[in-house]
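**Q** would you be able to build a 3D model of this:
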Amino acid sequence: MGSNDTESHLVFDDGFLVAILVHLCEQHGSDAGRWFLEAGFGRVDHPNPPTFASLGAAQDWITHRLATTASSAL
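**A** Predicted coordinates:
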């Protein structure tokens, strides 16, 4: 099943692709206008991908996720 989502962003960290964010269209009801973690790679992978009110909120979450999982691996 496809959707009408047309805007997305690739997120890189240190030259590596870590996430794909998709801007949700009206087809998604109350989530329309939010950003969805379509795919997270490595430390940004998540079993229940979240949505975010803005790209800034998504960036903050990704930055925190990268920092938290990196320090816990030490």
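**Q** please identify the buried residues of the lowest-mean-pLDDT helix or strand in the chain?
**A** Ranked by mean pLDDT, DSSP states H and E, the weakest helix or strand in the chain is helix 55-72, scoring a mean of 86. Across helix 55-72, burial judged by 16 or more other C-beta atoms under 10 Å covers 58-59, 61-62, 65-66. Any C-beta I mention is one placed from the backbone N, CA and C, and that applies to glycine too.
**Q** now do stretch 13-33
**A** Within stretch 13-33, the residues scored as buried using 16+ other C-beta under 10 Å are 18-24, 28.
**Q** what's the most distant pair in the residues you listed?
**A** Distances among the buried residues of stretch 13-33 were taken as C-beta to C-beta; the most separated pair is Val18 and His28, at 23.2 Å.
**Q** His46 against Phe36, yeah?
**A** No: in this structure, His46 is not within contact of Phe36 by C-beta atoms under 8 Å, at 11.3 Å.
**Q** of these two, which one has the most company?
**A** A count of neighbours by other C-beta atoms under 10 Å puts Phe36 above the other of His46 and Phe36, at 19 against 13.
**Q** what's the closest non-adjacent residue to the most centrally placed residue in the chain?
**A** Of all residues in the chain, the one closest to the mean position by C-alpha atoms, centre = their mean is Leu37, 3.0 Å from it. Nearest residue to Leu37 in three dimensions, chain neighbours excluded: Pro49, at 4.0 Å (C-beta to C-beta, 6 or more residues apart in numbering).
**Q** what residues are up against that neighbour?
**A** By C-beta atoms under 8 Å, 6 or more residues apart in numbering, the contact set of Pro49 is 36-40.
**Q** where in the protein is pLDDT low?
**A** 1-2, 69-74 (pLDDT under 70).
**Q** which stretches in this structure count as strands?
**A** Counting by DSSP state E, the segments of the chain that form strands are 7-13, 16-23, 35-40, 51-52.
**Q** the last one pairs with which strands, and in what direction?
**A** Spelled out, it's strand 51-52. Next to strand 51-52 in the sheet, as set by DSSP bridges, lie strand 35-40 (antiparallel).
**Q** put the alpha carbons of the strand it pairs with into CSV.
**A** Below are the C-alpha coordinates for strand 35-40, written out as CSV (Å, rounded to 0.1, in the frame of the first residue of the first chain):
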residue,chain,number,x,y,z
TRP,A,35,7.8,13.8,10.3
PHE,A,36,8.1,10.0,10.5
LEU,A,37,11.3,8.0,11.0
GLU,A,38,10.8,5.8,7.8
ALA,A,39,14.1,4.1,8.4
GLY,A,40,16.8,4.3,11.0
